[in-house]
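>>> pasting the sequence and the predicted model now:
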Amino acid sequence: MDLASAYQRLLEILAEIEDLKMAAAVLYWDRQTEMPPGGSVARGEQLTTLRRLAHEKLVQPKVGELLADLVTEAATMPGDSDQASMIRVAKREYEMATRIPSRLVVAMSEASDLAYHKWLEARAANDFATFVPALERVVALSRETAAALGYEDHPLDALIDQVEPGLDASKVAALFAELREPLVGLTRRIVASDAGRRAGLLHQEYPAGKQLELGMAAVRAIGFDVDRRGRQALSVHPFSISFSPDDTRITTRINRDYLGTSFFALLHEAGHGTYMQGIPDRLRRSILHEGASAGLHESQSRLWENVVGRSRYFWQHFLPVARAVFPSQFGTATVEEAYAAANVVRPSLIRVEADEVTYNLHIMIRFELEKAVLDGTLDLADLPEAWNRKFAAYLGIIPPDDLTGVLQDIHWTMRFGGSFQSYTIGNVASIALYRQALSENPGMHLDWSEGRFDSLLRWMQDNVHTHGSKFFPEELLVRATGAGLTAGPYLEHITDKYTELYQL
């Protein structure tokens, strides 16, 4: 077979794999949003079959033969070309997949499905013990997956590398070490201050339908196409998912007594959505049709949620919109009061509702607990107590129950370890990307006060979205900003913003 034919055949196989993965994703979306409870067993079987078929199609000997023919040829191509990238990324995915037997893929899918339903039961009962047997199975299979993939120092190395190519536990720990003391210190200074935050503005009764009306107005304003290429629904845990650039979906959840739950979750998930909608159609049905990493994906969601949605400029434009939807709640509020309410710093229990300053402390807690469980120094039965100790040490608060503590995240139903660090990577990367965009478009942020967000979105599309997963995250950051992942710009941004807000 000549090289052109070999490449075409590889693309055909990869397209079929993507079709299977997207079909599974549609079923997952439905399970989280519309599926009746009685459909859980059948849905788990369907998802397992699709995941197994996708895995088996990827690890078939033919793929290895095609890649063997193409890898040498790819080395002679421009490194940033679609073709060279397709071969390079396919080779990495193939090599990782061939280390994991199909039986392990099936076992993890089955365990994940059971864990999800036991997690829902545990949340309803407010009882972590209900979740433990299913979680034990997920932990055991996560360890087995890490062993199959291979690692030098810690099982987390292999699990992290799956979602953050080129990163390992020691590098994540080093990033957290840079962030921990400054963020804990800043949090304590803010809590000790008395700057008269108007927290009550967002903590009022907000009817659910009107919350969605306001949140979707914000989603449309930042450029997420929810009308022609998107959908929105409710779910227990907010998430986003894409089946193609033209079919990207987001969810939120409603707290009638706190507007921020739904509003900022919608901006967050719409940030993911802009990334998905911004990947070029030429990469559709290919192995490059996704973000560079989970962390780079989070850079987009945190950008729109925090850098934009919690900015003074955003509220200069959006306060009249909020007042029109909620005249009694926002009727007398000023821009400064809305800005202050969107940026209240207060140690809290729920990660997805945490403020910018304390959010990464929530992530550190989870990372450290995962590390301890996977290396055998912490038993699962002791996880709630360890969770509470970490919260007391980092945030100065202790969860009153499992529901607001160890049971709040859906992530451990899918696998144990290697996911949470991506949120902090996203926070740090979002500032680096924003600063570069601003340096190339001075005054861009002033446009937000007039409801114009297109210059920021276009910059992200041109420098991040358009590449799909062609590059490792560090390489993409260097291409976009001239520097890799570093905590300095993020800490400077957070310190400056909240020093001014809280008059420290």
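Looks like it arrived, so ask away.
>>> my guess is residue 264 meets residue 309, correct?
Yes. Counting by Cβ atoms under 8 Å, residue 309 is a contact partner of residue 264 at 6.2 Å. For glycine as for every other residue, the C-beta is placed from the backbone atoms N, C-alpha and C.
>>> which residue comes closest to residue 31 once chain neighbours are left out?
residue 43 (5.2 Å; Cβ to Cβ, 6 or more residues apart in numbering).
>>> same question, residue 418
residue 159 (2.9 Å).
>>> before we move on, which element is the residue nearest the centre of the chain in?
Nearest residue to the geometric centre of the chain (Cα atoms, centre = their mean): residue 298, 4.5 Å. Here residue 298 sits within helix 294-302, counting by DSSP states H and E.
>>> same question for residue 447.
helix 444-447.
>>> next SSE downstream of that helix?
With DSSP H and E, the next secondary element past helix 444-447 is helix 454-463.
>>> other residues contacting that next one?
222-223, 274-275, 278, 300, 303, 308, 433-434, 436-437, 440-441, 444, 447, 479-480 (Cβ atoms under 8 Å, 6 or more residues apart in numbering).
>>> and the next element down the chain from it?
Heading C-terminal from helix 454-463 (DSSP H and E), you reach helix 473-481.
>>> show me which residues of that next one are buried.
For helix 473-481, the buried set under the neighbour-count rule, 16 or more other Cβ atoms under 10 Å, comprises 473-477, 480-481.
>>> let me know the angle separating that helix from helix 294-302.
Orientation of helix 473-481 against helix 294-302 (axes from the mean of the first three to the mean of the last three Cα atoms, to 10 degrees) gives an angle of 40 degrees.
>>> now do helix 473-481, average pLDDT.
Taken as a whole, helix 473-481 carries a mean pLDDT of 97.
>>> the closest residue to residue 318 other than its chain neighbours: helix or strand, and which one exactly?
Nearest residue to residue 318 in three dimensions, chain neighbours excluded: residue 218, at 6.6 Å (Cβ to Cβ, 6+ apart). Counting by DSSP H and E, the element that carries residue 218 is helix 208-222.
>>> next one: residue 418
Going by DSSP H and E, residue 418 is not part of any helix or strand.
>>> what comes up buried for stretch 204-221?
For stretch 204-221, burial by neighbour count (16+ other Cβ under 10 Å) applies to 206, 211-212, 214-216, 218-219, 221.
>>> about what we covered before: next one: the helix holding residue 298 to chain centre, how far?
6 Å (Cα atoms, centre = their mean, to the nearest Å).
>>> tell me which strands and helices that helix is in contact with?
Other helices and strands packing on helix 294-302, by 3 or more Cβ pairs under 8 Å, 6 or more residues apart in numbering; DSSP states H and E, are helix 259-278, helix 421-440, helix 473-481.
>>> could you check the angle the first one makes with helix 208-222?
This means helix 259-278. Using the same axes, to 10 degrees: helix 259-278 against helix 208-222 is 40 degrees.
>>> helix 259-278: how far from the chain's middle?
10 Å.
>>> re the thing from before, among the contacts of helix 454-463, which ones are buried?
Judged by 16+ other Cβ under 10 Å, buried ones among these: 222-223, 274-275, 278, 300, 303, 308, 433-434, 436-437, 444, 447, 480.
>>> for residue 282, see how far away the nearest residue to residue 212 once chain neighbours are set aside is.
Distance criterion Cβ to Cβ, 6+ apart; nearest residue to residue 212, sequence neighbours excluded, is residue 262 at 6.9 Å. Applying Cβ to Cβ, to the nearest Å, the value for residue 262 to residue 282 is 35 Å.
>>> who has more neighbours, those two?
More crowded of residue 262 and residue 282, by other Cβ atoms under 10 Å: residue 262, with 23 against 12.
>>> my guess is that one contacts residue 218. True?
No. If you go by Cβ under 8 Å, residue 262 and residue 218 don't touch, sitting 10.4 Å apart.
>>> residue ranges with poor pLDDT in the stretch 101-250 of the chain?
Residue ranges of the stretch 101-250 of the chain with pLDDT under 70: 194-199.
>>> what ranges does it have for its strands?
In the stretch 101-250 of the chain, the segments counted as strands under DSSP state E, counting those that start in this stretch are 230-234, 240-244, 247-252.
>>> most packed of these?
Highest mean neighbour count among the strands of the stretch 101-250 of the chain (mean count of other Cβ atoms under 10 Å): strand 247-252, with a mean of 24.
>>> give me the distance from that strand to the chain's centre.
Worked out by Cα atoms, centre = their mean, strand 247-252 lies 13 Å from the chain centre.
>>> any idea of the angle it forms with strand 240-244?
Using the same axes, to 10 degrees: strand 247-252 against strand 240-244 is 170 degrees.
>>> any idea which helix or strand comes after the helix ranked longest in the chain?
Ordering each helix of the chain by length in residues (DSSP state H) puts helix 3-33 first. Using DSSP H and E, the helix or strand that follows helix 3-33 towards the C-terminus is helix 40-59.
>>> which residues touch that next one?
For helix 40-59, contacts defined as Cβ under 8 Å, 6+ apart pick out 13, 16-17, 20-21, 23-24, 27-28, 30-31, 35, 63, 93-94, 97-98, 100, 102, 105-106, 109-110, 113-114, 117.
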